[in-house]
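Asks: Need coordinates for the below:
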Amino acid sequence: MANVGYARVSSVGQSLDVQLSKLEQADCGKIFQEKRSGKTADRPEFRSCMNYLREGDTLIVTRLDRLARSVVHLAQLAKRFEKEKINLVVLDQHIDTHTSTGRLMFNMLSAIAEFENDLRMERQVEGITKAKDKGVRFGRPPKVKDKAKQEIYEKRISGVSIGQLAKEYNVGPASIYRTLNEFKKASE
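Replies: Next comes the predicted model:
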């Protein structure tokens, strides 16, 4: 039954000092720390921490966002902790899953975070739809301009190879194939 700490900052320029100080004051016998974005799944110290935890241990973090990379990830961790009887203490948000109030607070924050995430996604979809209605194009601009598409098609029909067309228009063969398919569909 150990107190295990996990500290994380998003970039190399940020300092872990404040988090480490709080975790040391919370009597963490072992502290895992890293400088990685929370959105990436490639967090070696986080993996080591999760592998280190045993039944009855308490994982201590300073804030909930230091731990999980998404609401779904947080829910997965909550299920694992409940199943393996691992407690979670979030110092700055006063969450302690040792208590029923702490479990309630943890679940409420998770639900609110999920709700906020859903709202953000809905607003994003609405914004994209409005922008498309106004003619905004998304993604990388096409490498082959519209006026060159017909030229490429005509040259290909006359026997010019894909490789030669790619060199001539300074694009990859995939762009030539895509251009030919687009032109063919548009002329049908």
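Asks: drop to CA atoms for contacts and neighbour counts, all remaining ones
Replies: OK.
Asks: And the pLDDT for the residue nearest the centre of the chain?
Replies: With distances taken as CA atoms, centre = their mean, the chain has residue 39 as the residue nearest its mean C-alpha position (3.8 Å). The score at residue 39 is 72. That number is its pLDDT.
Asks: Run a quick neighbour tally on residue 118.
Replies: For residue 118, the tally of surrounding residues (other CA atoms under 10 Å) stands at 12.
Asks: The one 10 residues further on now?
Replies: For residue 128, the count of nearby residues is 15 (other CA under 10 Å).
Asks: Please give the element, helix or strand, for it.
Replies: Assigned by DSSP states H and E, residue 128 belongs to helix 100-133.
Asks: quick one: buried residues of that helix?
Replies: Going by neighbour count (16 or more other CA atoms under 10 Å), the buried part of helix 100-133 is 102-103, 105-107, 109-110, 113-114.
Asks: quick one, helices of this protein?
Replies: In the chain, the segments counted as helices under DSSP state H are 17-25, 44-52, 71-84, 100-133, 146-157, 162-168, 173-187.
Asks: on that earlier part again, return the distance of the residue nearest to the centre of the chain relative to residue 71.
Replies: 11 Å (CA to CA, to the nearest Å).
Asks: same question, residue 186
Replies: 43 Å.
Asks: More neighbours: the two, which one.
Replies: Legend: neighbour count by other CA under 10 Å for residue 186 and residue 71, higher for residue 71 (19 against 8).
Asks: wait, doesn't that one sit right on residue 112?
Replies: No: in this structure, residue 71 is not within contact of residue 112 by CA atoms under 8 Å, at 9.5 Å.
Asks: Show which residue of this structure lies farthest from the average position.
Replies: Each residue of the chain has a distance to the centre, and by CA atoms, centre = their mean the biggest one is for residue 158: 47.8 Å.
Asks: dump the residue contacts of that one.
Replies: Residues near residue 158 by CA atoms under 8 Å, 6 or more residues apart in numbering: none.
Asks: ok, residue 62 - contacts?
Replies: By CA under 8 Å, 6+ apart, the contact set of residue 62 is 7, 19, 22-23, 90-93.
Asks: of these, buried ones?
Replies: 7, 19, 22-23, 90-91.
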